[in-house]
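Student: This is a predicted model, with the sequence first.
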Amino acid sequence: MQLSEHIRMAFSSLVANKMRSILTMLGMIIGVGAVVAISSVGNGITNEINESFERGTSNAFTLKVASRDGQSSESGFILALLYGDDMAEKDRINDRMIEALRTRFDGKFAEIGSSVSIASGHADDLRETQLSFTGLTAEGAATENVPMLSGRSFSEDDVIGKRRVAIVPEKFLKVYFGSSSDTALGKTFNASVNGKTVTFTIIGIYENAVTSGVVKMFGIDSSETHQIYVPYTLNGDMASSDQTVYSGYTSVKVKGNNLTDNLENLAADMSDYLTERFYADNKDYKISYDYTPPNSGNMIGDVFSAVSMAISTIAGISLVVAGIGVMNIMLVSVTERTREIGIRKALGATNRDIHRQFIIEAVILCVVGGMIGVVFGALVAFLVGLRFEMNVYPSVGSVIMAFGVSVLVGIFFGTYPASRAAKLDPIDALRHE
Amino acid sequence: MAKKIIEMRDIVKRYFVGTPNELEVLHGVSLEVYEGEFLAIVGQSGSGKSTIMNMIGALDRPTEGQYMLDGLDMSKIKDKELSHIRNQKIGFVFQSFNLIGRSSALANVELPMLYAGVGRSERRARAEKLLGSVGMLPWKDHKPNEMSGGQNQRVAIARAMANDPAIILADEPTGALDSKTGRLVVDIFHYLHQIGGKTIVFITHNDELAEEADRIVTLSDGRIIGERRGSVRREAVSAT
C-alpha cells in the first residue's frame, strides 16, 4: 500500500475524532510554540547586543599615548577630568607623526583619523536642545564610522582653515528646523558654547543610531543630547577662557582596508614605529594600541544566548510531555479500534500496513501540531519584537529543528502503540467489542 | 468433477498448547470444497464452526494436518503471505457486517483494493460497479450507521467481492437480520454462485437456508458427523 494512501487514511481517521486530535495537538503546539518564541526573542536580543558592540569596533584599532610604567592614558584621562588635561603637547600624537605613519605604512590601511571631545552646549534659540561637540580630523568621520546620510565629510581645508562647518544628526534637524530633508544642507544654526555664540554651516547629515528595544530596556538611551561633529581645530575657538588648549591627540583611530590581513600586527608595527621614532627620549610616555577582534569580548551577548538556549531547552521538555500525551491517545485509539484493526487484517492488511497507519497518525498529530506551534511561536515573537522595537524573527534553524523534533516525537511515541496494534491477533481483534 | 479449491486433511486445532488449559477444538477434520460449489457448514454453537471458518479464511493455522487452499499449502506460509492470501483469495462476510464505521459504503468496498495496491481511479470505478451489483450504488456515500442491517450486509458482500476472490466465506451472514432481509441476502449469494460462478462457503445454523446449498456438512463437537446434498434448489434472481 502506498504512503500517500496511508497519509490520506490517517487524516480521515484524525478528522473523525476532531476534538481529541486538537487536544492532543495542543501539547505540541504549546511546546513547539514556546521553543520557537523563546529562541527567536533570545536570538533577537543577542543580535542587538552583538550589533551594538560591533558598531565601529570591527576592522579598526586605536593607537594611544600610554605611560611607560604600564598605565595607559586612560588614567590620565581621569586626571584630566579632575585637574584639566595635563598631558603636555610634546607627549601627544601630532600631525607630523600621522604624516610619518602615512608614508611608512602607505597602502596598508584605509584611514587614520582622530576625534576629540570638545565641549557641550545648547542650541542658541532652544535651551533644552543639548549639544555635544566632537572634533574630527579630515578622516575622522570615516574612522569614527559616522553614518552619513547626505552632504559631505570634512576636507583638509575645513580642518586647517578652522571653518565653522558641522555634521549634524537627522534628529537635530527635526528639532531645530522642523524638517529633516536635504534642504538643511548649507543652512546655519547658532550654538551657545562656553558662553560664546558660534554659528555653524551644516555640510553633512548623519543617521541617528537606531535606539533598540534592548537599549531602552536597560535605560541607557542617551539620544536626547545631539552629537555635533565639527573640525577638531575649532577646539580653541570653543574652549572656555580658563581652559588650556593643546594641539595633538591622545589617541588616533586607524581603519584597515581589505588588503590589511592582520590588524593586530599592523597595530603593533605602527605603535612600535611611533615609539621608536618619536618617543625614544620620552621618559614618561610611549605609544601602545587597543585592538578588539570582531565577535570577541562580548560577554553579555554570549551569556544571553546561553540563557536563551537554556530556557529553550526547558521549553523543549514540554515536547516530551506532549509526546507522552500523543502516546497515551494513540494507545487509547488502538484499544478503541481493535475491531477495526481485526477487520483490516481480515481484508488483507499486513502487520506493516497497520503499524504504518498508527505511526503516521502519530506523526501527523505531532507535525501538524508542530507547524501550528511554529506559526504561534513566530507570532508571539513578532508581538514581543513589536512591543520592544526589536528585530525579532524565528531563525530557519529553529523552525527546521522544531519540525524535525515534531517528526521524531511522533515516531518515538507512536512506535509503541503502533506495534501493539500491528501485533494484534486478527481473530481476537474481530471478536473484540 | 471440478478442481478442489479447499482440501483439508485431518485438521487438528488445539488452543493453549503446552499449558494445563490445553484445549482441542477440532479433532481431525477432513473437508473438500470444489470450485464453483455452494457449501453450507451447519452445527450447534461450540461445534467448531468458527474455528474451521478462521482456518479456511487464513486467519488461523491448523495445529496438525494439511490445508491446501487453491493449490497453496497453508501450513508452510508466512504471516505476511497470509495477509496476501486473505486479500486475494478470500472474501469475508460476517454476521455483524464488520464495516468500518466512520467510512462511507464506497470507502469500505475500496478497502481490500487499497491493501492490494489498486490505483485510486480503478478502485473507485470497481467499487461503484460492485455496489451497483448489490443494488447499493445510491447509498455509496452513506456511513454504516446511516443504513439498515440488510443494506450494511449488501455493502459487506460488495466488499467481499472487491478483489475477485476464489472463495466467499460467509459466517452466519443472516444471523443479525430479520428473515425477510436474510432471504434477500442469501439470494445475493445464490446470484453470485449461479451467475457469477463463485465458490461459496456458508456457515449457518439456519437449517432452512442451508438446504438451499449444493452440499451440507454438519459439524458437531469438532468432528464432521454428516454430509448430504441440499434438498431445495433456489433459482438466482438479480439483486437489482
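Tutor: Perfect, thanks for sending it. Note that the structure is predicted; figures quoted are calculated from it, not measured.
Student: Going by proximity to chain B, name the top residue of chain A.
Tutor: Nearest residue of chain A to chain B: A:Gly348, at 2.3 Å (Cβ to the nearest Cβ). Backbone N, C-alpha and C define where each C-beta goes, glycine included.
Student: Setting aside sequence neighbours, what's the nearest residue to A:Phe376?
Tutor: A:Gly33 (4.0 Å; Cβ to Cβ, 6 or more residues apart in numbering or on different chains).
Student: before we move on, back to that, doesn't B:Leu82 make contact with the residue of chain A closest to chain B?
Tutor: No - using Cβ atoms under 8 Å, A:Gly348 is not in contact with B:Leu82; the gap is 9.4 Å.
Student: Give me the more crowded residue out of the two.
Tutor: A:Gly348 (28 against 20; other Cβ atoms under 10 Å in any protein chain shown).
Student: Mind telling me what element the closest residue to that one other than its chain neighbours is part of?
Tutor: Leaving out its chain neighbours, the residue that sits closest to A:Gly348 by Cβ to Cβ, 6+ apart is B:Asn87, at 2.3 Å. In this assignment (DSSP states H and E), B:Asn87 forms part of helix B:79-89.
Student: Which strands or helices does the strand ranked longest in chain A pack on?
Tutor: Ranked by number of residues, the top strand in chain A under DSSP state E is strand A:196-206. Applying 3 or more Cβ pairs under 8 Å, 6 or more residues apart in numbering or on different chains; DSSP states H and E, one finds that strand A:196-206 contacts strand A:148-151, strand A:165-169, helix A:170-177, strand A:188-193, strand A:226-231, helix A:235-238.
Student: partner residues bridging the closest residue to B:Lys4 other than its chain neighbours?
Tutor: The spatial neighbour of B:Lys4 that comes closest, neighbours along the chain excluded (Cβ to Cβ, 6+ apart), is B:Glu32 at 5.2 Å. Using DSSP bridges, the bridge partners assigned to B:Glu32 are B:Glu7.
Student: Next, count neighbours for B:Glu32.
Tutor: So B:Glu32, with other Cβ under 10 Å, has 16 neighbours.
Student: Pull the contacting residues for it.
Tutor: B:Glu32 is in contact with B:4, B:6-8, counting by Cβ atoms under 8 Å, 6 or more residues apart in numbering or on different chains.
Student: can you check A:Leu319 too?
Tutor: A:28, A:31-32, A:35, A:405-406, A:409.
Student: try 7 Å this time
Tutor: For A:Leu319, the contact set (Cβ atoms under 7 Å, 6 or more residues apart in numbering or on different chains) comprises A:31-32, A:405, A:409.
Student: closest to B:Ala40 among the residues you listed?
Tutor: When the contacts of A:Leu319 are compared for distance to B:Ala40 (Cβ to Cβ), A:Val409 wins out at 53.2 Å.
Student: just checking, B:Ile100 touches B:Asn108?
Tutor: Yes - between B:Ile100 and B:Asn108 there is a contact at 5.8 Å, judged by Cβ atoms under 7 Å.
Student: and these two? which has more neighbours close in?
Tutor: Using other Cβ under 10 Å, the more surrounded residue of B:Ile100 and B:Asn108 is B:Asn108, with 27 against 19.
Student: Give me the pLDDT for the nearest residue to B:Ala156 once chain neighbours are set aside.
Tutor: Leaving aside its sequence neighbours, B:Ala156 sits nearest to B:Phe97 (Cβ to Cβ, 6+ apart; 4.9 Å). Here, the pLDDT recorded for B:Phe97 equals 92.
Student: which SSE is B:Phe97 in?
Tutor: Counting by DSSP H and E, B:Phe97 is part of no helix or strand.
Student: what number of residues lie near it?
Tutor: As a measure of burial, B:Phe97 has 23 neighbours, counting by other Cβ under 10 Å.
Student: cool, A:Thr183 as well?
Tutor: 10.
Student: What segments of chain B are strands?
Tutor: According to DSSP E, the strands that chain B contains are B:4-15, B:23-34, B:38-43, B:64-69, B:72-73, B:90-93, B:167-171, B:199-204, B:215-220, B:223-229.
Student: how far is the shortest one from where the chain is centred?
Tutor: Relative to its chain's centre, strand B:72-73 lies at 19 Å (Cα atoms, centre = their mean, to the nearest Å).
Student: what sits against the closest residue to chain A within chain B?
Tutor: Across chain B, the shortest distance to chain A (Cβ to the nearest Cβ) belongs to B:Asn87, at 2.3 Å. For B:Asn87, the contact set (Cβ under 7 Å, 6+ apart) comprises A:347-348, B:112, B:115-116, B:163.
Student: which residue packs closest to residue 147, ignoring adjacent ones?
Tutor: You didn't say which chain, so I picked chain A. That would be A:Glu207: by Cβ to Cβ, 6+ apart, it lies 4.5 Å from A:Pro147.
Student: my question was about chain B
Tutor: B:Trp139 (5.9 Å).
Student: So A:Thr134, which state does it fall into?
Tutor: strand (DSSP: H, G, I helix; E, B strand; the rest coil).
Student: what's across from it in the sheet?
Tutor: Counting by DSSP bridges, the residues bridging with A:Thr134 are A:Ser117, A:Tyr229.
Student: just the residues of chain B that are near chain A, which are they?
Tutor: B:54, B:59-60, B:79-80, B:83-84, B:86-87, B:92, B:98, B:100, B:102, B:111-112, B:114-117 (Cβ under 7 Å from any Cβ of the partner chain).
Student: Can you tell me which of the residues you listed are classed as buried?
Tutor: For those, a burial check counting by 16 or more other Cβ atoms under 10 Å in any protein chain shown picks out B:54, B:59-60, B:83-84, B:86-87, B:92, B:98, B:100, B:102, B:111-112, B:114-116.
Student: Show me where the chain dips below the pLDDT cut-off.
Tutor: Going with chain A. Chain A contains residues with pLDDT under 70 at A:52-58, A:69-87, A:127, A:179-182, A:209-224, A:258-261, A:293-298.
Student: Let me rephrase: I mean chain B.
Tutor: Checking chain B against pLDDT under 70 turns up B:1, B:238-240.
Student: which residues touch the residue positioned nearest the centre of it?
Tutor: For chain B, the residue nearest the mean C-alpha position is B:Leu169 (1.1 Å; Cα atoms, centre = their mean). Shown in contact with B:Leu169 (Cβ under 7 Å, 6+ apart): B:53, B:56-57, B:90-92, B:201.
Student: Go again with 8 Å.
Tutor: B:53, B:56-57, B:90-93, B:160, B:201, B:203.
Student: can you check A:Ile118 too?
Tutor: A:133-135, A:230, A:232, A:234-235, A:238-239.
Student: Most neighbours among these, which one?
Tutor: A:Val230 (30 neighbours).
Student: And for the closest residue to that one other than its chain neighbours, the neighbour number?
Tutor: Leaving out its chain neighbours, the residue that sits closest to A:Val230 by Cβ to Cβ, 6+ apart is A:Ala166, at 5.2 Å. The criterion is other Cβ under 10 Å. On that basis, A:Ala166 has 26 neighbouring residues.
Student: for A:Met270, same thing?
Tutor: By other Cβ under 10 Å, neighbour count at A:Met270 equals 22.
Student: From A:Ser247, how far off is it?
Tutor: Look at A:Met270 and A:Ser247: by Cβ to Cβ, to the nearest Å, they are 21 Å apart.
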